[in-house]
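S.K.: Here's my sequence, what's the structure:
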Amino acid sequence: MNRFDFAPYRRSMVGFDRLFDLLEKQAQGSEDKYPPFNIERRGDDAYRITLAVAGFKPGEIDITAQQNLLVVQGRKDAETAASGQFLHVGIAQRAFERRFELADYVRVGAADLEDGLLVIDLVREVPEAMKPKKITIGGQKPLSVVENGAADKAA
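M.R.: This next block holds a predicted model:
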C-alpha cells in the first residue's frame, strides 16, 4: 500500500489540518464506486459533477449542500423496485450516497437530470472581503492635492 507521510508538513504548516485529513482519508480508498461520476473544470471558478444515475427519477434523488460538503443520495421507491418480473437486471438500481468535499466558497449553482445523467454545476464565489487588496506602504491613503485658491476657500 502506498502511504504518504504528512507529519513533516503538519509540523510546519499551520491551519492545513483539514486538507491533510482529507488527503489521508482519500488514500484509504474504501469508498464505493457506484454511481460512476466525472468532475469537470469549466472555467476559473466553475466546475461540473456528472453522475450516471440511470433508472432514477428526480424525486428519488436528494442533493444536500452543506458547508464544504455536497451529498448526493439516491433511493428507489419500494413499489417501483418491486414492479414487473425481470429476467435479467443489468441496470443497477441500488440506493447510493456519494459525498464530495468542496473547497471554501464553492456553492451549488444548478442541478439537472437528463438522459440518466445527473449534472451538478458548482461555482466558487469568493466574498469581496476575502479577495486580495493592494496595501499602500506607510498605511496612509494618498492625500489629495488642493489648489491655492481652493485651500483658502476650504479654510
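S.K.: what are the ranges of the helices in this structure?
M.R.: 7-12, 17-28, 78-82, 148-154 (DSSP state H).
S.K.: most centrally placed residue in the protein?
M.R.: Leu102 (3.1 Å; CA atoms, centre = their mean).
S.K.: any idea which of the helices of the chain scores lowest on pLDDT?
M.R.: In terms of mean pLDDT, the lowest-scoring of the helices of the chain is helix 148-154 (a mean of 53).
S.K.: that older thread, any idea how far Ile39 is from the residue nearest to the centre of the chain?
M.R.: Here the criterion is CB to CB, to the nearest Å. By it, Leu102 lies 11 Å from Ile39. C-beta coordinates here come from the backbone N, C-alpha and C atoms, glycine included.
S.K.: low-confidence ranges in the protein?
M.R.: 1-4, 26-31, 78-83, 139-155 (pLDDT under 70).
S.K.: swap the cut-off to 90 and go again
M.R.: 1-34, 55, 67-68, 76-94, 101, 103-105, 125-155 (pLDDT under 90).
S.K.: Report the residue ranges of every domain in it.
M.R.: 1-30, 32-127 (automatic domain parsing).
S.K.: first to last residue in the last one, what's the distance?
M.R.: End-to-end distance for domain 32-127, by CA to CA, to the nearest Å: 35 Å.
S.K.: now what about stretch 105-115, what contacts it?
M.R.: Outside of stretch 105-115, the residues within contact range by CB atoms under 8 Å, 6 or more residues apart in numbering are 46-47, 53, 56-58, 61, 63, 65, 68, 70, 118-127, 130.
S.K.: Check which residues of that stretch are buried.
M.R.: 106, 111, 113 (16 or more other CB atoms under 10 Å).
S.K.: send the alpha carbons of it over as CSV?
M.R.: Coordinates of the C-alpha atoms in stretch 105-115 are reproduced here as CSV (Å, rounded to 0.1, in the frame of the first residue of the first chain):
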residue,chain,number,x,y,z
TYR,A,105,-16.8,29.5,-1.1
VAL,A,106,-17.9,26.8,-3.6
ARG,A,107,-21.7,26.6,-3.9
VAL,A,108,-24.1,24.6,-6.0
GLY,A,109,-25.3,26.7,-8.9
ALA,A,110,-27.8,24.3,-10.5
ALA,A,111,-28.7,20.6,-10.8
ASP,A,112,-30.4,18.8,-13.7
LEU,A,113,-31.3,15.2,-14.5
GLU,A,114,-31.5,14.3,-18.2
ASP,A,115,-30.9,11.1,-20.1
